[in-house]
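A.B. asks: Sharing a model that was predicted from the sequence below.
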Amino acid sequence: MEIPLSRLDQIQSNISNIPSIVLNHKIFSNTNKFSFYYDFSSFSSKNIKTPFNSLITCSSIKQNLQPRPKPKPLKPNQIELQRVSEKLKLSSPQIQKSIITTNNNNNTSGLCCEIRRLVRFKRYNDALELFEIIECETGYNDVNESTYDALVQACIELKSIRGVKRVYNFMNKTGFQTTQYMDNRVLLMHVKCGMMNDAKRVFDEMPRRDAVSWSIIILGLVDNGDYEVAFDMFLFMWRENHDARTRIFVTMIRASADMGRDYVGKQFHSNALKMGINENIFVSCGLINMYSKCGFLEDAQHAFDEMPVKTVVGWNTIIAGYALHGYNEEALNMYLEMQDSGVKIDHFTYTIIIGICARLASVAHAKQAHAGLVRNGFGSDLEANTALVDFYGKWGKIEDARRVFDRMPSKSLTSWNAMIAGYSNHGKGPEAVRMFEQMLREGQVPDHVTFLAVLYGCAHSGLSDQGWEIFESMARKYNVKPRAMHYACMIQLLGREGLLDEALAMIRDAPFRPTENMWDALLNACRVHKNLELGKFAAEKLYGMEPDKLMNYIVLMNIYISSGRSDEAAHVMQTLRSRGLRMLPECTEDIYKKLDMMMREIAKHGYVPSKESLLPDVDKQEERVLLYHSEKLAIAFGLISTSASTSLQVVQSHRICSDCHDVIKLIAKISQREILVRDASRFHHFKDGTCSCEDYW
């Protein structure tokens with residue numbers, strides 16, 4: 001409260017006459033005015049004769065001003081209008097005007113116009129918010145078809161189940177008279193939002209159905225995996241009026257492919273020929289896909305050859321068909337033909353080709369595809385970049401994989417999994433764990449593939465504490481139930497530390513039947529730690545599961561040999577013979593000569609051959625094969641076939657043996673070459689006499 005200087009003495013004099021008042025005041029100079037602050041905490045009114053309000057009066061009362069009137073309470077619909085307006089933070093004068101008009105005149109034309117405009121500009125959430133105003137009002141039945149059409153589009157784009165129910169219920173509540181077009185749109189809205197049970201009910205209640213109606217419901221059923229119901233509905237439609245459009249035929253051909261029913265697909269092919277739609281591009285691509293998935297590649301090729309115009313989709317489909325059944329070289333040749341045809345290649349093509357290159361270990365073609373991907377403007381494509389990360393990670397180019405990964409503008413869970421797995425396969429367990437932790441920080445939720453990738457890295461790098469912490473968090477924190485492969489990683493971790501009894505206990509206590517991978521992890525640990533009895537037990541378990549797998553016999557034979565049990569090793573060799581599993585040489589004499597020369601050279605650096613060839617009752621040919629394993633021969637071939645500056649890469653389907661591992665380390669040292677070996681277990685980077693696995697694999 002501000003008081004003029006002329007009144008200060010008078011006020012102080014009057015206040016001093018008031019008894020029992022503790023006056024605490026502060027005076028602040030502000031030109032010729034002062035501000036007083038009073039503390040009446042101990043004020044007593046017993047002896048006051050003069051009313052306090054006669055000393056200090058309120059200026060508003062002095063001027064006879066009335067108190068500010070309280071606002072009138074809003075009606076419920078007005079509250080809703082205000083709430084929605086504030087929620088939308090509407091800046092558009094048109095929308096504000098529409099809300100005012102709706103509130104004052106009880107008509108929705110302005111709001112309807114704005115809803116349509118918002119949908120046109122893809123502001124779907126705002127459109128549904130404005131629709132709330134119409135829902136809250138009573139007596140509004142003038143929402144037209146174009147507005148409902150816009151609301152249907154908003155629900156489809158947002159995949160909003162709540163929005164679908166609101167729009168559909170309001171249409172029914174207001175008695176809106178739909179047209180055939182609007183009935184189909186409402187049906188499509190339910191299908192696109194995954195509400196198939198409601199979609200079936202809407203379809204059954206439709207007063208009339210046309211070919212579009214049948215197409216929508218059948219396509220929805222096929223997309224939802226309800227193939228049997230889709231076929232029943234197609235047959236019913238066919239019997240009713242035979243009005244089957246091309247799109248329905250394409251959908252049913254796709255359903256035949258997904259179910260693997262080639263005989264049904266062939267019937268659709270026959271009817272397409274009768275109807276003259278077999279040369280339709282979509283029908284042709286559907287037939288190629290159907291025959292490919294069902295394993296009839298010749299028929300797929302014939303359907304492709306019959307296409308009047310070979311589109312990029314047709315090329316992609318036939319290439320993917322060959323790749324699906326393992327004909328990767330044929331698929332790559334088709335890709336080269338596609339390039340020569342002049343068809344513009346899209347990102348799907350590059351994604352398929354990169355996957356093919358991963359199976360063929362074709363680094364050159366993969367890099368060409370990578371360059372084409374960037375050159376044609378697909379450098380930011382999520383699936384193609386994920387395929388590149390996977391490829392580079394699988395084929396020894398982990399730095400390239402990381403560069404691609406870091407440049408990706410967005411990353412899917414598959415992208416993270418590929419990068420983590422790449423580090424794990426290369427024995428870079430700490431990097432895999434760091435990548436896993438970064439993924440969690442960025443809000444990505446791991447799945448069972450993620451856990452397998454990171455646990456694999458922990459097992460390969462001996463990261464016991466991190467491995468067990470991650471393993472135990474699977475079910476507790478992320479609700480991911482551990483599977484057999486996760487258990488195999490933990491068994492490998494235990495085996496690496498020499499805890500073989502604990503590893504066996506984990507196998508026996510597993511909540512499912514132990515798998516080959518679990519027993520193989522134990523057998524390998526027994527090989528490293530030379531535990532003959534437990535190794536024999538694990539090998540016997542593997543024999544029963546995989547009687548024709550050569551590697552199981554070789555591992556056990558190596559255990560016997562390293563333990564001095566040559567008789568038992570010879571018995572394993574006889575078992576190999578009886579099962580027809582013989583190791584025969586298939587290399588030329590030049591390769592053997594090069595290898596012999598290299599063996600003599602590394603002997604000067606301390607190499608001593610193992611005694612694997614000193615088995616009784618083996619012929620000279622088998623003895624020679626035991627000494628010259630395939631990976632040694634492959635490296636010898638690489639040495640005579642490439643320049644001295646070229647690094648070598650070997651891929652094999654079995655685990656590398658200890659002798660080969662020692663030999664390759666020494667070859668890498670004396671040849672000054674980097675040698676990358678990918679075996680059944682992991683990547684081995686040999687350089688300057690050392691290996692990335694640190695001699696445990």
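C.D. replies: Everything's here; your move.

A.B. asks: all strands of the stretch 251-400 of the chain, in order?
C.D. replies: Applying DSSP state E, counting those that start in this stretch to the stretch 251-400 of the chain gives no strands.

A.B. asks: what about the helices in it?
C.D. replies: Counting by DSSP state H, counting those that start in this stretch, the stretch 251-400 of the chain has helices at residues 262-275, 281-293, 297-305, 312-324, 328-341, 347-360, 363-375, 382-394, 398-407.

A.B. asks: Can you give the contact residues for the second one?
C.D. replies: Just to be clear, that refers to helix 281-293. 246-247, 249-250, 253-254, 256-258, 260, 262, 265, 269, 272, 277-278, 297, 299-300, 303-304, 306-307, 309, 311, 313-314, 317-318, 320-322, 324-325 (Cβ atoms under 8 Å, 6 or more residues apart in numbering). (Each C-beta comes from the backbone N, C-alpha and C, glycine too.)

A.B. asks: Including mean pLDDT, mean neighbour count and distance to residue 459, could the helices of the stretch 251-400 of the chain go into CSV?
C.D. replies: What follows is these, written out as CSV (pLDDT from 0 to 100; neighbours: other Cβ atoms under 10 Å; distance: least, Cβ to Cβ, whole Å):
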stretch, mean pLDDT, mean neighbour count, distance to residue 459
helix 262-275, 89, 16, 43
helix 281-293, 93, 25, 36
helix 297-305, 94, 17, 39
helix 312-324, 94, 22, 31
helix 328-341, 93, 16, 30
helix 347-360, 91, 23, 23
helix 363-375, 90, 17, 27
helix 382-394, 93, 25, 17
helix 398-407, 94, 17, 18
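
A.B. asks: Adding distance to residue 240, write the ones you listed out as JSON lines.
C.D. replies: Formatted as JSON lines, the entries for the helices of the stretch 251-400 of the chain read as follows, by distance: least, Cβ to Cβ, whole Å:
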{"stretch": "helix 262-275", "distance to residue 240": "16"}
{"stretch": "helix 281-293", "distance to residue 240": "22"}
{"stretch": "helix 297-305", "distance to residue 240": "29"}
{"stretch": "helix 312-324", "distance to residue 240": "32"}
{"stretch": "helix 328-341", "distance to residue 240": "42"}
{"stretch": "helix 347-360", "distance to residue 240": "37"}
{"stretch": "helix 363-375", "distance to residue 240": "48"}
{"stretch": "helix 382-394", "distance to residue 240": "41"}
{"stretch": "helix 398-407", "distance to residue 240": "53"}
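
A.B. asks: What is the helix or strand containing residue 201 packed up against?
C.D. replies: Take DSSP states H and E as the rule and residue 201 turns out to sit in helix 196-205. For helix 196-205, the helices and strands in contact under the criterion 3 or more Cβ pairs under 8 Å, 6 or more residues apart in numbering; DSSP states H and E are helix 180-192, helix 211-223.

A.B. asks: what angle sits between it and helix 211-223?
C.D. replies: Between the direction of helix 196-205 and that of helix 211-223, the angle (axes from the mean of the first three to the mean of the last three Cα atoms, to 10 degrees) works out to 160 degrees.

A.B. asks: shaky segments in the stretch 551-697 of the chain?
C.D. replies: Residues of the stretch 551-697 of the chain meeting the criterion pLDDT under 70: 562-563, 580-587, 610-627, 653.

A.B. asks: And the contacts of stretch 315-323?
C.D. replies: With Cβ under 8 Å, 6+ apart as the test, stretch 315-323 has contacts from 285, 288-289, 291-293, 297, 300-301, 304, 328, 330-331, 334-335, 338, 341, 343, 346, 348-349, 352-353, 355-356, 359.

A.B. asks: I meant to write stretch 655-673 there.
C.D. replies: With contact meaning Cβ under 8 Å, 6+ apart, stretch 655-673 is reached by 524, 551, 554-555, 558, 562, 598-599, 601-602, 605, 607, 609-610, 612, 629, 631-632, 635, 639, 644, 646-648, 674-675, 677, 679-681, 684, 686-691, 695, 697.

A.B. asks: Any chance of a ChimeraX selection covering the buried ones in the residues you listed?
C.D. replies: Of the contacts of stretch 655-673, the buried ones go into a single ChimeraX selection, burial set by 16 or more other Cβ atoms under 10 Å:
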select :524,551,554,555,558,562,598,599,602,607,610,612,629,631,632,635,639,648,675,677,679,681,684,686,687,691,697
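
A.B. asks: Next step: the contacts of stretch 655-673 restricted to strands.
C.D. replies: The members of the contacts of stretch 655-673 that map onto strands under DSSP state E are 648, 675, 677, 684, 686, 687, 690, 691.

A.B. asks: Just give me the neighbour total for the residue nearest to the first one when sequence neighbours are not counted.
C.D. replies: To tie it back to what came earlier, the one meant is residue 648. In this structure, residue 648 finds its nearest non-sequential neighbour in residue 638, 4.2 Å apart by Cβ to Cβ, 6 or more residues apart in numbering. The tally of other residues near residue 638 (other Cβ atoms under 10 Å) stands at 19.

A.B. asks: ok, now how distant is residue 638 from residue 669?
C.D. replies: From residue 638 over to residue 669 the distance is 16 Å, taken as Cβ to Cβ, to the nearest Å.

A.B. asks: pLDDT on whichever strand or helix holds residue 487, on average?
C.D. replies: Assigning secondary structure by DSSP H and E places residue 487 in helix 484-496. In this model, helix 484-496 has a mean pLDDT of 95.

A.B. asks: What are the buried residues along it?
C.D. replies: Across helix 484-496, burial judged by 16+ other Cβ under 10 Å covers 485, 486, 487, 488, 489, 490, 491, 492, 493, 494, 495, 496.

A.B. asks: need the contact list for the fifth one.
C.D. replies: Okay, so that is residue 489. Here residue 489 is in contact with 452, 455, 456, 458, 459, 467, 471, 521 (Cβ under 8 Å, 6+ apart).

A.B. asks: Mind checking which of the residues you listed are in helices?
C.D. replies: Assigned to helices by DSSP state H, the following of the contacts of residue 489 qualify: 452, 455, 456, 458, 459, 467, 471, 521.

A.B. asks: For my notes, please list these in JSON lines and give neighbour count for each entry.
C.D. replies: Formatted as JSON lines, those follow (neighbours: other Cβ atoms under 10 Å):
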{"residue": "452", "neighbour count": "21"}
{"residue": "455", "neighbour count": "31"}
{"residue": "456", "neighbour count": "25"}
{"residue": "458", "neighbour count": "28"}
{"residue": "459", "neighbour count": "26"}
{"residue": "467", "neighbour count": "25"}
{"residue": "471", "neighbour count": "19"}
{"residue": "521", "neighbour count": "28"}
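
A.B. asks: can you redo these as a markdown table with pLDDT?
C.D. replies: As requested, those are exported to a markdown table (pLDDT from 0 to 100):
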| residue | pLDDT |
| --- | --- |
| 452 | 96 |
| 455 | 97 |
| 456 | 93 |
| 458 | 95 |
| 459 | 93 |
| 467 | 96 |
| 471 | 96 |
| 521 | 92 |
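
A.B. asks: and which of those residues is nearest residue 191?
C.D. replies: residue 452 (35.7 Å; Cβ to Cβ).
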